[in-house]
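Visitor: generate coordinates for the sequence data below:
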Amino acid sequence: MPAPYALPAAFTMFLALGTVAAALHGRLPATGVLAACAAITAVMSFAAEPVAAVFLAGIGWLTASGFSRPPYAQLRPTGPAAVHAAVTLAAAALAGAALGLLFRWYARRRTLVHVGTRGGRRAGDAGSGVPGAPATPAAPGDAAISVRRRLTGALLAAGLLPLLTLALTAARPHLDLADDLLVYLVAVVTITVVGGFWPAVLAAVAASLLLNWFFTEPLHTFTIAEPRNLLALLLFVTVAVAVSSMVHLAARRAVQATAAREEAASLLELAQTVLGGADSPAAVLDHLTRTHGGQAELTERVGGTWVRIAASNVAGSLDAATRIDIRHDLSLLISGQAPSATPALIAGYAAQAAVALDRERLRTQAAQAEALAEGNRMRTALLAAVSHDLRTPLASIKASVSSLRQTDVSWSPEDEADFLATIEQNADRLDALIGNLLDMSRLHTGSLQPFLRPTAVDEVAPVAIGGLDDSLRLEMAVPDGFPLVLADPGLLERVLANLFSNALRYSPAGRPPELHASLSGGTVCLEVVDHGPGVPDAQKERIFEPFERAGDRHPGVGLGLTVAKGFAEAMGGRVLAVDTPGGGLTVRVTLPAAPATSEDRSALGAAGS
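Guide: Purely as a prediction, here's the structure:
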């Protein structure tokens, strides 16, 4: 029991015992009074802090000496009875305090707080309700009053009480004992406000002795002639200690409320940090060390070994740190935190770190599941697309080859040329389709590694056109001396080939598609223009998605524009679809221009002249 609770309660019991003994007029023998005082002293010393036993024995001795026999409430500090009472109460206080210490030590050994605590590891506080929380001290929180304040209170008592005694001694003709008691009580309360409970208790005991020596008859002795004066002194000590307890507890509650407010503010800031997106274990530990100092490390047991998951302000290892077990396989190591890091606050940080770790792993698993689902969707779409687009040209090639190999039919040279042209045309379709499938696979798996270097557009574009149908035409408008573009020549060829193929597929007869090249600042703009039906604005973004086709009138899997966009973005460019003036679709590719060298500038100057 904290002393601010135990001493007022014990003093009240002693005062009640003395009042009962005086009211019984001798029917309660001196031995009974002494036995009751010894019982109160022993029980309260057992329950209270050890230091409180000294004051309990002192007030018990005053009670036993003043109320053992008539005339009651008259203090007799000398004689065999006083000595016997002093010895008995001192023994009772010592025995009670010793038994209390032994009992509390044994109880702590048997509680869950200490079970499994070994080598600096804490198994958690059974009373906190939070697994792995540091053990909460059983003390009442005397740290609410700092050591400096307690020393100041003691110095104030040492200086104020003698001054008050001198002043009251000088004013004795004008004051009575009640006035002196009230003045000393005000002094004790003032000392309590400054220094807390223990300086106030010492001040109350000292004030009672000063009152006894200087203001109660006979003066300058500890003998009290008037019974009411002893009762007044006992009341004074009891009231002074009780008031001191209330003032001290109020001050301690105020300090605890401030600490709780700071703790709540710290937890609120942590919650805002986590809800704001910084919900990784490292962010939680960084917030802990940034707010409360020290070092922190989150470790996990993997295969029988503790592995570091996240750390903050940790250069090496934390061998001397306190380990807080969050779960059987997850622990938080802390070291060097400020006093503001209370056990409950550390438990909150530990729980948040564990939750952040679980969320981070769930996000990783969700991303992996999404990637797997996307891969499954891609494979399903590929199978659905190629099942028709591969079978159609293969069927045409098979039919043409079978027809040519018939021995019972004589084909004319024109028929054989038609069959061969059909075989060649469908083989080209298969080659383009398989090329797009392979390119899409490279993009999807992230294995594409472009090699960027200065590339001439007027050299790559003819190569891209050469792989298309010879019967189709495409007009190019690339100015002479056009700057080089920073690109991968092979990837740029595939981009232009797919764009040309798409434009040729939708261009009307007599209006072939066109390639325009222009330079704006440090960016090269390549535009593939067709005059076909165009694409509605709502579908301009969708045409670059896999397996999207603007109608089913033309063969194809719908990967050409997707591959073109993927290759262009891999080279640091962008692809955009806009309307062609007069009708049609223009696909605009922007790529960075290559830095011009001195040879390039001289060549451009020669071309311009």
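Visitor: so which residues of the stretch 251-400 of the chain form strands?
Guide: 295-302, 305-312, 322-327, 330-335 (DSSP state E, counting those that start in this stretch).
Visitor: residue 512 is nearest to which of the ones you listed?
Guide: strand 305-312 (61.6 Å; Cβ to Cβ). In this view, the C-beta of every residue, glycine as well, is placed from N, C-alpha and C.
Visitor: give me the angle between that closest one and strand 295-302.
Guide: Interaxial angle, strand 305-312 versus strand 295-302 (axes from the mean of the first three to the mean of the last three Cα atoms, to 10 degrees): 150 degrees.
Visitor: tell me which of the strands of the stretch 251-400 of the chain sits nearest to residue 67.
Guide: Nearest to residue 67, of the strands of the stretch 251-400 of the chain and by Cβ to Cβ, is strand 322-327 at 52.7 Å.
Visitor: number of nearby residues for the closest residue to residue 185 other than its chain neighbours?
Guide: Computed as Cβ to Cβ, 6 or more residues apart in numbering, the closest residue to residue 185 that is not its neighbour in sequence is residue 240, at 5.7 Å. By other Cβ atoms under 10 Å, 27 other residues sit near residue 240.
Visitor: and what of residue 63?
Guide: A count of nearby residues for residue 63, using other Cβ under 10 Å, gives 29.
Visitor: measure residue 108 to residue 6 for me?
Guide: 19 Å (Cβ to Cβ, to the nearest Å).
Visitor: got the confidence number for residue 347?
Guide: Per-residue pLDDT puts residue 347 at 83.
Visitor: who has more neighbours out of residue 108 and residue 6?
Guide: residue 6 (20 against 12).
Visitor: so the residue nearest to residue 185, which of the three states?
Guide: helix (DSSP: H, G, I helix; E, B strand; the rest coil).
Visitor: list the contacts of it.
Guide: 184-185, 188-189, 200, 203-204, 207 (Cβ atoms under 8 Å, 6 or more residues apart in numbering).
Visitor: could you save the strands of the stretch 251-400 of the chain as JSON lines and add columns showing mean neighbour count and distance to residue 251?
Guide: Compiled in JSON lines, the strands of the stretch 251-400 of the chain are given as follows (neighbours: other Cβ atoms under 10 Å; distance: least, Cβ to Cβ, whole Å):
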{"stretch": "strand 295-302", "mean neighbour count": "20", "distance to residue 251": "32"}
{"stretch": "strand 305-312", "mean neighbour count": "16", "distance to residue 251": "35"}
{"stretch": "strand 322-327", "mean neighbour count": "18", "distance to residue 251": "30"}
{"stretch": "strand 330-335", "mean neighbour count": "22", "distance to residue 251": "30"}
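Visitor: buried residues, stretch 232-249. List them.
Guide: 232-234, 236-245, 247-249 (16 or more other Cβ atoms under 10 Å).
Visitor: elements contacting the stretch of helix or strand residue 519 belongs to?
Guide: Assigned by DSSP states H and E, residue 519 belongs to strand 514-520. Identification of packing neighbours for strand 514-520 by 3 or more Cβ pairs under 8 Å, 6 or more residues apart in numbering; DSSP states H and E yields strand 475-477, strand 523-529.
Visitor: now do the buried residues in the shortest one.
Guide: Buried positions in strand 475-477, judged by neighbour count with 16+ other Cβ under 10 Å: residue 476.
Visitor: report the rounded mean pLDDT for that strand.
Guide: 77.
Visitor: who's in contact with whatever helix or strand comes next after it?
Guide: Moving toward the C-terminus from strand 475-477, the next helix or strand (DSSP H and E) is strand 485-487. Identification of contacts with strand 485-487 by Cβ under 8 Å, 6+ apart yields 450, 452-457, 492, 524, 571-573, 591-595.
Visitor: which ones among the residues you listed are found in strands?
Guide: 453-455, 524, 591-592 (DSSP state E).
Visitor: which element follows the lowest-mean-pLDDT helix or strand in the chain toward the C-terminus?
Guide: Here the helix or strand of the chain ranked lowest by mean pLDDT, DSSP states H and E is strand 121-122, holding a mean of 39. Once strand 121-122 ends, the next helix or strand along the chain (criterion: DSSP H and E) is helix 147-170.
Visitor: quick one: contacts of that following helix?
Guide: 175, 180, 183-184, 187, 190-192, 194-196, 198-200, 202-203, 206-207, 210, 214-215.
Visitor: now which of those would you call buried?
Guide: When the contacts of helix 147-170 are checked for burial by 16+ other Cβ under 10 Å, the buried set is 180, 183-184, 187, 190-192, 194-196, 198-200, 202-203, 206-207, 210, 215.
Visitor: residue 44 is in contact with residue 9, correct?
Guide: Yes - under the criterion of Cβ atoms under 8 Å, residue 9 makes contact with residue 44 at 7.2 Å.
Visitor: quick one: work out the angle between the strand or helix carrying residue 206 and helix 147-170.
Guide: Per DSSP H and E, residue 206 falls inside helix 197-215. Compare the direction of helix 197-215 with that of helix 147-170 by the same axes, to 10 degrees and you get 10 degrees.
Visitor: show me what helix 197-215 is packed against.
Guide: Counting by 3+ Cβ pairs under 8 Å, 6+ apart, helix 197-215 packs on helix 3-24, helix 52-66, helix 147-170, helix 177-195, helix 227-275.
Visitor: which of the ones you listed sits most buried?
Guide: Of all the helices and strands packed on helix 197-215, helix 52-66 carries the top mean neighbour count, a mean of 25, counting by mean count of other Cβ atoms under 10 Å.
Visitor: tally of neighbours for residue 542?
Guide: 13.
Visitor: oh, that last question was meant for residue 434, not what I typed.
Guide: Applying other Cβ under 10 Å, we find 12 residues neighbouring residue 434.
Visitor: show me what contacts it?
Guide: Going by Cβ under 8 Å, 6+ apart, the list of residues near residue 434 is empty.
Visitor: pretty sure residue 200 contacts residue 191?
Guide: Yes - using Cβ under 8 Å, residue 200 makes contact with residue 191 at a distance of 5.1 Å.
Visitor: now do the spatially closest residue to residue 178 that is not a sequence neighbour against residue 215, distance only.
Guide: Using Cβ to Cβ, 6+ apart and skipping the chain neighbours, the partner closest in space to residue 178 is residue 232 (7.5 Å). The gap separating residue 232 from residue 215 is 10 Å, by Cβ to Cβ.
Visitor: what touches both of the two?
Guide: Contacts common to residue 232 and residue 215, judged by Cβ under 8 Å, 6+ apart, are residue 177.
Visitor: from residue 84, how far off is the residue nearest to residue 178?
Guide: Residue 232 is 26 Å from residue 84, by Cβ to Cβ.
Visitor: show me what counts as buried in stretch 396-413.
Guide: With the criterion 16+ other Cβ under 10 Å, stretch 396-413 contains buried residues 396-397, 400.
Visitor: neighbouring contacts of that stretch?
Guide: With Cβ under 8 Å, 6+ apart, stretch 396-413 has contacts from 416, 419-420, 422-423, 426-427, 430.
Visitor: about what we covered before: I'd like the strands of the stretch 251-400 of the chain as TSV, with distance to residue 221 appended.
Guide: What follows is the strands of the stretch 251-400 of the chain, written out as TSV (distance: least, Cβ to Cβ, whole Å):
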stretch	distance to residue 221
strand 295-302	63
strand 305-312	68
strand 322-327	58
strand 330-335	60
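Visitor: I appreciate the help and will end here.
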